[in-house]
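Asker: Quick one, structure for this:
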Amino acid sequence: MIRDATEIRHPPGEAGAHPLACLLPLRRHLSVVHHVPGRLRVRVSRRALSRSDGMTAGAFRRAIEAVAGVEGLRMSPATLSAVVEYDPDRLVPELWDLLLGGPDDGALAAFEQLTQTA
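Answerer: Numbers count the residues shown, from 1 in each chain. Model (predicted):
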């Protein structure tokens, strides 16, 4: 399960852990609503908010903004969604799709690529 692999590579709270690591255990609660190169809209399920290890809005913001190439983030608590604006020349759009919706090994590979230059 990806949570175990994440904890091995980036244990929560460990010094040096990349902020984006907090998305991996919760990615099944995130869905891509719309994606064109440079702009990604993600929806957070209500179940993610009720989990004991759920993510705060601040942690989500820090995670996304820590990725090199992210140019902006707008969050809407009313719709439980976020719009990420990024430079598609620096971040391959398919990495977002793998991170949020791909198989576990694809998500880990995308995570490594998204965080290597951050």
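Asker: Tell me how many other residues crowd residue 41.
Answerer: 17 (other CB atoms under 10 Å). From N, CA and C alone the C-beta is placed, and that goes for glycine too.
Asker: who touches it in this structure?
Answerer: Counting by CB atoms under 8 Å, 6 or more residues apart in numbering, residue 41 touches 32-35, 81-84.
Asker: ok, 6 Å please
Answerer: 33-34, 81, 83 (CB atoms under 6 Å, 6 or more residues apart in numbering).
Asker: among those, who's most crowded?
Answerer: Using other CB under 10 Å as the neighbour test, the contacts of residue 41 are led by residue 81, with 17 neighbours.
Asker: wait, which of the contacts of residue 41 is closest to residue 92?
Answerer: residue 34 (17.7 Å; CB to CB).
Asker: Can you tell me the closest non-neighbouring residue to the most centrally placed residue in the chain?
Answerer: The centroid of the chain falls nearest to residue 23 when counting by CA atoms, centre = their mean (4.5 Å). In this structure, residue 23 finds its nearest non-sequential neighbour in residue 63, 5.4 Å apart by CB to CB, 6 or more residues apart in numbering.
Asker: SS state for that neighbour?
Answerer: Per DSSP: H, G, I helix; E, B strand; the rest coil, the local secondary structure of residue 63 is helix.
Asker: List the residues that contact it.
Answerer: Per CB under 6 Å, 6+ apart, neighbours of residue 63: 19-20, 22-23.
Asker: ok, back up a step: can you put the contacts of residue 41 in a markdown table and add distance to residue 113 and pLDDT?
Answerer: Below are these laid out as a markdown table (distance: CB to CB, whole Å; pLDDT from 0 to 100):
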| residue | distance to residue 113 | pLDDT |
| --- | --- | --- |
| 33 | 23 | 93 |
| 34 | 22 | 94 |
| 81 | 24 | 91 |
| 83 | 22 | 95 |
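Asker: Closest one of those residues to residue 72?
Answerer: Looking across these and measuring by CB to CB, the closest to residue 72 is residue 83, at 7.9 Å.
Asker: Now the closest one. Nearest residue, chain neighbours left out?
Answerer: Residue 83 sits nearest to residue 74 (CB to CB, 6+ apart), 4.6 Å away.
Asker: Regarding that neighbour, which helix or strand does it belong to?
Answerer: Residue 74 belongs to strand 70-76 when assigned by DSSP states H and E.
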